[in-house]
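Peer 1: Sequence isn't available, so here's the structure alone:
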């Protein structure tokens, strides 16, 4: 096999750097997988201390779906990230993982800043950040001991097209790993993991047209407010009638978990709706959007496209 010392003796260049990284990563992966059931955060920190630049596919932290391959530019190593990328924490005997991520917004992110929300695999939010430039963010991930924990890195305002590149480049990651307890936690928090509005079941996957993201819906699609505090009750929805409604005037009802209509509005074409919802503090609140009529077939598309939503958030007071 090729030793690391032998690699150092080869001519310099990005190809050699990549090969050296691969060598380190394979060695770390082997050692970690051999000890996966008995690792602590401190042991992980010691394992990765010699090669802090090795952050993907190594250590207890492993990237899952949604990551692009590692790249080199101007002497820097990084990996671009699309949306809903997975972050996998391998089996550990700890209940928390103090994570830092060194990241920077990309060309697919909004010019107003990258809104990054980190969710558990079951959809519960952990934390969120507003990223305007390259910086390190700090957070603590809750773990289920002795099993693999998966987290989702979701971008609320990204997925814009990139000239001459078919990929979605929402942000790039330079490094990530466990930080020491002396580091400040969440110094750039946009909002605590409270009052987060998310789309639940019933929505089609996100699409982009002329640089604007949206999701189509059939009917009875969910809106969920996680960790509600009761401070906010008015929700703004940017909606538009679809071809299954013949792009015409329609009525939209908002139903609660007991199927009671808690709000109703009429929509013509494209409109921003402001609906006041009976938010109950201290829990998750689930509502469904239901339209009257619709359901017409769409040429060259098997889906029912009653309406689409371009944005959702708390209405300004």
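Peer 2: That came in fine, so what should we check first? Just so you know, these numbers come straight off a predicted model, no measurement behind them. Numbering: from 1, shown residues only.
Peer 1: Make sure residue 263 is actually in contact with residue 276.
Peer 2: Yes - contact status for residue 263 versus residue 276: in contact at 6.6 Å, counting by Cβ atoms under 8 Å. C-betas here are computed from N, CA, C, even on glycine.
Peer 1: which one of these two has more residues nearby?
Peer 2: A direct count of neighbours by other Cβ atoms under 10 Å for residue 263 and residue 276 places residue 263 higher, at 18 against 12.
Peer 1: contacting residues for residue 169?
Peer 2: Residue 169 makes contact with 68, 80, 81, 82, 106, 107, 108, 162 under the criterion Cβ atoms under 8 Å, 6 or more residues apart in numbering.
Peer 1: Can I get these in CSV including pLDDT, distance to residue 169 and secondary structure?
Peer 2: As requested, these are arranged in CSV below (pLDDT from 0 to 100; distance: Cβ to Cβ, whole Å; DSSP: H, G, I helix; E, B strand; the rest coil):
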residue, pLDDT, distance to residue 169, secondary structure
68, 85, 8, strand
80, 91, 5, strand
81, 92, 8, strand
82, 89, 8, coil
106, 93, 4, coil
107, 93, 5, coil
108, 92, 5, coil
162, 89, 5, strand
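Peer 1: distance of residue 295 from residue 220?
Peer 2: 12 Å (Cβ to Cβ, to the nearest Å).
Peer 1: Residue 253 too?
Peer 2: Distance from residue 253 to residue 220, by Cβ to Cβ: 10 Å.
Peer 1: Also residue 126?
Peer 2: For residue 126 relative to residue 220 (Cβ to Cβ), the value is 28 Å.
Peer 1: before we move on, what about residue 127?
Peer 2: Residue 127 is 30 Å from residue 220, by Cβ to Cβ.
Peer 1: Counting neighbours, go ahead and name the busier of those two.
Peer 2: residue 127 (22 against 12).
Peer 1: What pLDDT does the model give that one?
Peer 2: Per-residue confidence (pLDDT) for residue 127: 81.
Peer 1: any idea which element it lies in?
Peer 2: strand 125-131 (DSSP states H and E).
Peer 1: The following helix or strand past that strand - contacts with which helices or strands?
Peer 2: The helix or strand immediately downstream of strand 125-131 is strand 135-142, counting by DSSP H and E. The elements that strand 135-142 packs onto, with contact taken as 3 or more Cβ pairs under 8 Å, 6 or more residues apart in numbering; DSSP states H and E, are strand 96-105, strand 114-120, strand 125-131.
Peer 1: The same query, at a cut-off of 6 Å, please.
Peer 2: With contacts taken as 3 or more Cβ pairs under 6 Å, 6 or more residues apart in numbering; DSSP states H and E, strand 135-142 sits against strand 96-105.
Peer 1: Check what contacts the strand it packs on and list those residues.
Peer 2: 89, 114, 131, 134, 136-141, 143, 171-176, 178-179 (Cβ atoms under 6 Å, 6 or more residues apart in numbering).
Peer 1: Would you show me how to pick out the buried ones of those in PyMOL?
Peer 2: Here is the PyMOL command that selects only those of those that count as buried (16 or more other Cβ atoms under 10 Å):
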select buried, resi 89+114+131+136+137+138+139+141+143+171+172+173+174+175+176+178+179
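Peer 1: Residue 196: neighbour count?
Peer 2: 21.
Peer 1: Is residue 244 in a helix, a strand, or coil?
Peer 2: helix (DSSP: H, G, I helix; E, B strand; the rest coil).
Peer 1: start the count at 54, not 1, going forward
Peer 2: Got it, the first residue is 54 from now on, which makes the last one we talked about residue 297.
Peer 1: any idea how far it lies from residue 205?
Peer 2: Taken as Cβ to Cβ, the span from residue 297 to residue 205 is 30 Å.
Peer 1: Equivalent analysis for residue 156, please.
Peer 2: In terms of Cβ to Cβ, residue 156 sits 15 Å off from residue 205.
Peer 1: if you count what's nearby, which of those two comes out ahead?
Peer 2: The neighbour count for residue 156 versus residue 205, taken as other Cβ under 10 Å, is higher for residue 156 (24 against 21).
Peer 1: how about low-confidence regions in the stretch 54-203 of the chain?
Peer 2: 54-116, 143-147 (pLDDT under 70).
Peer 1: List the contacts of residue 287.
Peer 2: 327, 329, 368.
Peer 1: Tell me where the protein has helices.
Peer 2: Listed in chain order, the helices of the chain (DSSP state H) span 57-61, 67-87, 94-102.
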